[in-house]
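S.K.: Turn this into a structure:
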Amino acid sequence: MAALTNPVNKQNIVDRFADYVVATANLGISWGTNALPFTECDFTGIFGGTTAGKDIETSGASISTGPNGEINAQYIYDALITETYRYTRIRTIQCILTVSGDGGNTGSRPTPGVIYDATAIANLNTGYLQGVSSGRDNVYSGNTITVGGLEAMFDSMRANYNSARATSAGTFTTTVCHASCHSSCHSSRGRR
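M.R.: Model (predicted):
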């Protein structure tokens, strides 16, 4: 974890912000490009990254400074709320696998119907971003920015991100003809 320094610098602000929003967003991702909900998943295009999460795009250089090189509260807020927004694609989805027929069912999936239904956190593509806002505590133009004020703002950004994370991006369903469809039937077509 980063600690805010005195005097504060722009990269230090970003590093401390990452302890709040970035660390929270990248924690507990179940599904992504490297880990699908089930092998028959036919909606892989919704995923935008791995279960390791998303790298931060903002750096200290992303925070503009005032005419005298001063770190301006509005610029801090603008850069970090934009970065918080970029993480809103990491959110809850529901994934369902349905078997439509009863021929060829074997093993753990012997009957037709819904055989997998789970809800978890996924690293989705940028089409699933959602708006986010945040409280600013004392991080306003004209105010002296304090460590407590910055951390209160970061905490608010994390809380607002968590609300966005809990908002489902939807339900995604794959239907297969029978349980062993992809592993036996379809893969044997080349041998016919």
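S.K.: so what's residue 138 up against?
M.R.: Residue 138 makes contacts with 144-146, 149, 152, as judged by CB atoms under 8 Å, 6 or more residues apart in numbering. Any C-beta I mention is one placed from the backbone N, CA and C, and that applies to glycine too.
S.K.: I'd like to know which of these are buried.
M.R.: Buried subset of the contacts of residue 138 (neighbour count, 16 or more other CB atoms under 10 Å): 145, 149, 152.
S.K.: Of these, which is the nearest to residue 28?
M.R.: Of all these, residue 28 sits closest to residue 152, with 24.4 Å by CB to CB.
S.K.: The nearest residue to that closest one once chain neighbours are set aside sits in which helix or strand?
M.R.: Of all residues not flanking residue 152 in the chain, residue 137 sits nearest, at 3.7 Å (CB to CB, 6 or more residues apart in numbering). Using DSSP states H and E, residue 137 sits within no helix or strand.
S.K.: Can you find which helix in this protein contains the most residues?
M.R.: Scanning the chain for the longest helix, with DSSP state H as the assignment, gives helix 147-166.
S.K.: And it, how far out from the chain middle?
M.R.: In terms of CA atoms, centre = their mean, to the nearest Å, the centre of helix 147-166 is found 15 Å from the chain centre.
S.K.: Report the rounded mean pLDDT for stretch 76-92.
M.R.: On average, the pLDDT along stretch 76-92 is 96.
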